[in-house]
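Novice: Mind looking at a prediction? Sequence and model below.
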Number of protein chains: 4
Amino acid sequence: MSALPPMAAPHRFTVRVYYEDTDLAGIVYYANYLKFIERARTEWVRRLGIDQAALKAESGIVFAVRRVEADYLSPARFDDLLDVETAPVDLRLARIVLRQTVLRGQTALFDARVTLVALGEDGRPRRLPRNLTDRIGG
Amino acid sequence: MSALPPMAAPHRFTVRVYYEDTDLAGIVYYANYLKFIERARTEWVRRLGIDQAALKAESGIVFAVRRVEADYLSPARFDDLLDVETAPVDLRLARIVLRQTVLRGQTALFDARVTLVALGEDGRPRRLPRNLTDRIGG
Amino acid sequence: MSALPPMAAPHRFTVRVYYEDTDLAGIVYYANYLKFIERARTEWVRRLGIDQAALKAESGIVFAVRRVEADYLSPARFDDLLDVETAPVDLRLARIVLRQTVLRGQTALFDARVTLVALGEDGRPRRLPRNLTDRIGG
Amino acid sequence: MSALPPMAAPHRFTVRVYYEDTDLAGIVYYANYLKFIERARTEWVRRLGIDQAALKAESGIVFAVRRVEADYLSPARFDDLLDVETAPVDLRLARIVLRQTVLRGQTALFDARVTLVALGEDGRPRRLPRNLTDRIGG
């Protein structure tokens, strides 16, 4: 229930860069990295056995991003095949911090810390779902 | 209640092209014209005195796009100041066809016919709202 | 060099629907289907053995969309796993028409005819690349 | 040439929330705030008398985002009319830090610190343009 021990291996998700992701500078537009890491979070949550649609329908709970700290290290380009690595770095009752890194091969292009909270239907914070904390918190 | 007489003047809405709209070819990405004309439709509907949020809350009715026919005539570029012209060209009980043109000065860059329907909460077609047909169909 | 005989099987490409693709109506935003089919076109072109980046670097040629006719048949939703089917339906010297359909299982949700042209660095039409016409027109 | 004195008033830019900006949670998708503040930066740079297209053409210099720290305080919704406030908070030879806040009325919804650098055509850091530092650095 606080800083997490380093995990064996982060979750890994592949993203192809398409035309829609680029801008006139010929590189991936800076907001689109947030899309890439959100796709990766969705697959990471799925891997943990959580069905977000069911979670919302049954308990009204949704995940919301509270804070993002992101470093843009090197640009991604059209047709690049990128990896997004996702790993939890801090876990509390109602909030989790993930580190998410976008890489091309061994080169990190984008590195972020993302703080997520669970919100109920009233928009107020809730405890994170049990199967999330159990699976992560060891 | 069918083909409409030509109107005095189409509705006009201004769009600035930002980085987010461009792709690596240095021009506006083709899907983003659909965003531009959707913004223009929202403002056109507002001008007709329709509050889409209230419409949905009170009667469950939302507008949905059924068909788009679009010609890409000439590319828009970063920092362009564009006009979107919107005019109804056909009106039925449950469906309206708009012509929407994106221009830079006098030059048409994108020209579309967009068919809209009204849907109820069950996702089935409804009559278009009265204040829409009254204001247009005159 | 005109209407094409029906091909054995269309090209197939899978798309997962993420948060970024949806809008407040809970369904995929209408412009985003154009992103889905553009991703599929990129993969279809790659399958034909064409490297778009090399093509641009060597001959200055890029593909551009000239016209889209699209029917929105039924909405896609968050977390849907969609198939995009792509097949050429008409081929000329400087222009090709594709039919692209987005399906969920056997149900077609979106059906489009997309006209593509090849443009040189001066923005004027060029002949389509030989390996494209040879591979398709056979 | 370091921490800046508080300025009389931040630059202010208005953004309307359209369908394209929302997601199925009925609120603005988290990546889209980065689009809003990028539009505001473009207008802020324009106000300082800098023509980004000319800057790139003449000296090859473009601005790039190096780091974003962003707090999501409260959600924006469809049809909201938002203000983006932009103010420089730190200025160095080759890098500038902006504070950018998105507000609805007096309520801050999103608050970010954005670090920008100037890059030459080789992708390496350059001094910020003189008219930028002169106008800001007082």
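Specialist: All right, it came through fine.
Novice: buried stuff in the longest helix seen in chain A?
Specialist: Longest helix in chain A by number of residues (criterion: DSSP state H): helix A:32-47. Neighbour counts using 16 or more other Cβ atoms under 10 Å in any protein chain shown place A:32-45 of helix A:32-47 among the buried residues. Bear in mind the C-beta positions are built from the backbone N, C-alpha and C, glycine included.
Novice: So it, near chain B or not?
Specialist: No: shown here: helix A:32-47 not in contact with chain B (Cβ under 8 Å from any Cβ of the partner chain), separated by at least 8.9 Å.
Novice: how big is the angle separating the host helix or strand of A:Asp111 from helix A:32-47?
Specialist: Taking DSSP states H and E as the criterion, A:Asp111 maps to strand A:107-119. With axes from the mean of the first three to the mean of the last three Cα atoms, to 10 degrees defining the directions, strand A:107-119 sits at 60 degrees from helix A:32-47.
Novice: Quick one: check strand A:107-119 for contact with chain D.
Specialist: No: remark: strand A:107-119 sits outside contact range of chain D, by Cβ under 8 Å from any Cβ, the gap being at least 8.7 Å.
Novice: May I see the buried residues of that strand?
Specialist: Of all the residues in strand A:107-119, those buried under the rule 16+ other Cβ under 10 Å are A:109-119.
Novice: What strands line up against it, and which way round?
Specialist: Strand A:107-119 has the following strand partners under DSSP bridges: strand A:62-72 (antiparallel), strand A:95-104 (antiparallel), strand A:125-126 (antiparallel).
Novice: Check the spacing between A:Arg92 and A:Ala40 real quick.
Specialist: 21 Å (Cβ to Cβ, to the nearest Å).
Novice: Below-threshold pLDDT in chain A: ranges please.
Specialist: Judged by pLDDT under 70, chain A has its weakly predicted residues at A:1-8, A:137-138.
Novice: As a quick check, tell me the outermost residue of it.
Specialist: The centre of chain A is farthest from one residue, A:Leu24, which by Cα atoms, centre = their mean lies 26.6 Å away.
Novice: and the gap between it and A:Ala31?
Specialist: Look at A:Leu24 and A:Ala31: by Cβ to Cβ, they are 14 Å apart.
Novice: Next: A:Arg46.
Specialist: To A:Ala31, A:Arg46 is 24 Å away according to Cβ to Cβ.
Novice: what's the answer for A:Pro88, then?
Specialist: The gap separating A:Pro88 from A:Ala31 is 24 Å, by Cβ to Cβ.
Novice: can you check A:Leu81 too?
Specialist: 20 Å.
Novice: Let me know whether A:Ser74 touches A:Thr107 as I believe.
Specialist: Yes: contact between A:Ser74 and A:Thr107 holds when scored by Cβ atoms under 8 Å: they sit 6.4 Å apart.
Novice: Now for these two: what residues contact both?
Specialist: With contacts taken as Cβ atoms under 8 Å, 6 or more residues apart in numbering or on different chains, A:Ser74 and A:Thr107 have no neighbour in common.
Novice: just to revisit the earlier point, return the member of the buried residues of helix A:32-47 nearest to chain B.
Specialist: Taking Cβ to the nearest Cβ as the measure, chain B sits nearest to A:Asn32 out of the buried residues of helix A:32-47, at 8.9 Å.
Novice: Next, name the residue at the spatial heart of chain A.
Specialist: By Cα atoms, centre = their mean, the most central residue of chain A is A:Arg41, 3.6 Å off.
Novice: Nearest spatial neighbour of A:Glu85, chain-adjacent residues omitted?
Specialist: What sits nearest to A:Glu85 in space, not counting adjacent residues and going by Cβ to Cβ, 6 or more residues apart in numbering or on different chains, is A:Pro10, at 4.1 Å.
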